[in-house]
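S.K.: Turn this into a model:
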Amino acid sequence: MGAVRTTFARVAAVAAFLLSACSATVPDRTSTSTPTPTITGAPSPTASVAVTGGASSPAASTPSTSGTTAPTSGPAPFETPSDDSLIANSTAITFPSADGARLAGRLFGEGTTGVVLSHMLDSDQEPWWWMASVLADHGFVALTYDSSGTCPGGPEGCSHGRLDPGSVQRNILGAAAYLRAHGAKRVVIGGASLGGTASLWVASKHPDAVDGVFTLSAVPFFPPYDITARVIHAISDPKLFVAGANDPSAGPYVPGWKRAATPPVRALVLETATHGTDLFGDEDFSATVRSEILRFVQGVAS
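M.R.: Numbers count the residues shown, from 1 in each chain. As a prediction, the model looks like this:
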């Protein structure tokens, strides 16, 4: 009966995710070409936070920590840039996935700490551009990309390969290798929904490839990934889990992941049903989520 209940729970999680996930509508844009940047030394971040456990209210931008001092002010609002501005201040690239498929991506910023941003199912790299620009403004190099078989066209690019959730882990490994080959000394991987699930899998199975991992609405069971307590416990690098309390595909699993994780870990459950990168468009939580990600990356880099 235990195996039956476990199987049912996994099926229910996948079903809830598929019901809550939103497909991205991608406009047709004209590609803008800019020179390829060199990833050089990054300035020291102006602020950092310890990545530790502790509960937080939805309005808080900084974790309540044990043995650390945290800023008490709320999250600062971020200016919303236009897509034209984001395209002009980034560079279109291609790079190989670990399985050899050629992927389309964009580089934002310069720095010795790189951040890989992986998108949701039925989406593409564009929803991560704003977050990538925030990271770039603070001295990091961020890489957004279209997963295998994702081809929105225009400045959002077109990735080769087969559209398959199992390929995302290999895409992440290829992106991390690209950043290291171009000067990054540390690599943080992050993702939304399926992208977050695959990022947790990579952090667990390939610890030498990454230095930290964060997720927005990661789904616990999405074949071929099964994010059990054992998988979470195996991740020794810093971790940040963010999800909505009313998002049935992700929110209920965050407290258990925090309990299973080894320090350092930060878990944030928001009073919303918004899923994945759609959180960036949630006026109640957008600034909080961006601040959490930025401060997490600053903590890994420090």
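
S.K.: Tally up the residues packed near the nearest residue in space to D99 that is not next to it in sequence, please.
M.R.: Nearest residue to D99, sequence neighbours excluded (C-beta to C-beta, 6 or more residues apart in numbering): R170, at 4.4 Å. (C-beta placed from N, C-alpha, C; glycine too.) Burial measure for R170: 22 neighbouring residues, criterion other C-beta atoms under 10 Å.

S.K.: Low-confidence ranges, this structure, go.
M.R.: 1-77 (pLDDT under 70).

S.K.: what ranges do the helices span in it?
M.R.: 2-20, 83-88, 129-137, 168-181, 194-205, 229-233, 254-260, 286-301 (DSSP state H).

S.K.: so which of those gets nearest G212?
M.R.: Relative to G212, the nearest member of those by C-beta to C-beta is helix 286-301, separated by 3.9 Å.

S.K.: Kindly export that closest one (C-alpha atoms) in CSV.
M.R.: Listed next in CSV are the C-alpha coordinates belonging to helix 286-301 (Å, rounded to 0.1, in the frame of the first residue of the first chain):
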residue,chain,number,x,y,z
SER,A,286,8.2,40.2,-7.8
ALA,A,287,10.7,42.5,-5.9
THR,A,288,11.0,39.9,-3.0
VAL,A,289,11.8,37.1,-5.4
ARG,A,290,14.4,39.1,-7.3
SER,A,291,16.0,40.3,-4.1
GLU,A,292,16.1,36.7,-2.7
ILE,A,293,17.8,35.4,-5.9
LEU,A,294,20.3,38.3,-6.0
ARG,A,295,21.3,38.0,-2.4
PHE,A,296,21.6,34.2,-2.7
VAL,A,297,24.0,34.6,-5.6
GLN,A,298,25.9,37.3,-3.7
GLY,A,299,26.2,34.9,-0.7
VAL,A,300,27.7,32.2,-2.9
ALA,A,301,30.1,34.6,-4.5
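
S.K.: same for that helix, what does it pack against?
M.R.: Using 3 or more C-beta pairs under 8 Å, 6 or more residues apart in numbering; DSSP states H and E, the elements in contact with helix 286-301 are strand 113-118, helix 129-137, strand 186-192, strand 212-216, strand 239-244, strand 265-270.

S.K.: tell me the most buried of the ones you listed?
M.R.: strand 113-118 (a mean of 30; mean count of other C-beta atoms under 10 Å).

S.K.: I'd like to know which of the helices and strands packed on helix 286-301 lies nearest to A250.
M.R.: Here strand 239-244 is closest among the helices and strands packed on helix 286-301 (C-beta to C-beta), at 4.0 Å.

S.K.: In TSV: the helices and strands packed on helix 286-301, plus distance to G100.
M.R.: Formatted as TSV, those follow (distance: least, C-beta to C-beta, whole Å):
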stretch	distance to G100
strand 113-118	18
helix 129-137	25
strand 186-192	20
strand 212-216	24
strand 239-244	30
strand 265-270	34
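
S.K.: can you tell which of those is closest to N89?
M.R.: helix 129-137 (6.6 Å).

S.K.: picking up where we left off before, among the helices of the chain, which comes closest to P248?
M.R.: helix 2-20 (4.3 Å).

S.K.: so L107 bridges to which residues?
M.R.: Note on L107: beta-bridge partners T91, L143, judged by DSSP bridges.

S.K.: ok, now the one 10 residues further on?
M.R.: The residues paired with L117 through beta bridges, assigned by DSSP bridges, are T144, G190.

S.K.: Contact partners for it?
M.R.: Residues in contact with L117 (C-beta atoms under 8 Å, 6 or more residues apart in numbering) are Q125, W128, M131, A132, A142, L143, T144, Y145, G190, G191, G195.

S.K.: measure the second one to L117 for me?
M.R.: Yep, that's W128 we're talking about. Look at W128 and L117: by C-beta to C-beta, to the nearest Å, they are 4 Å apart.
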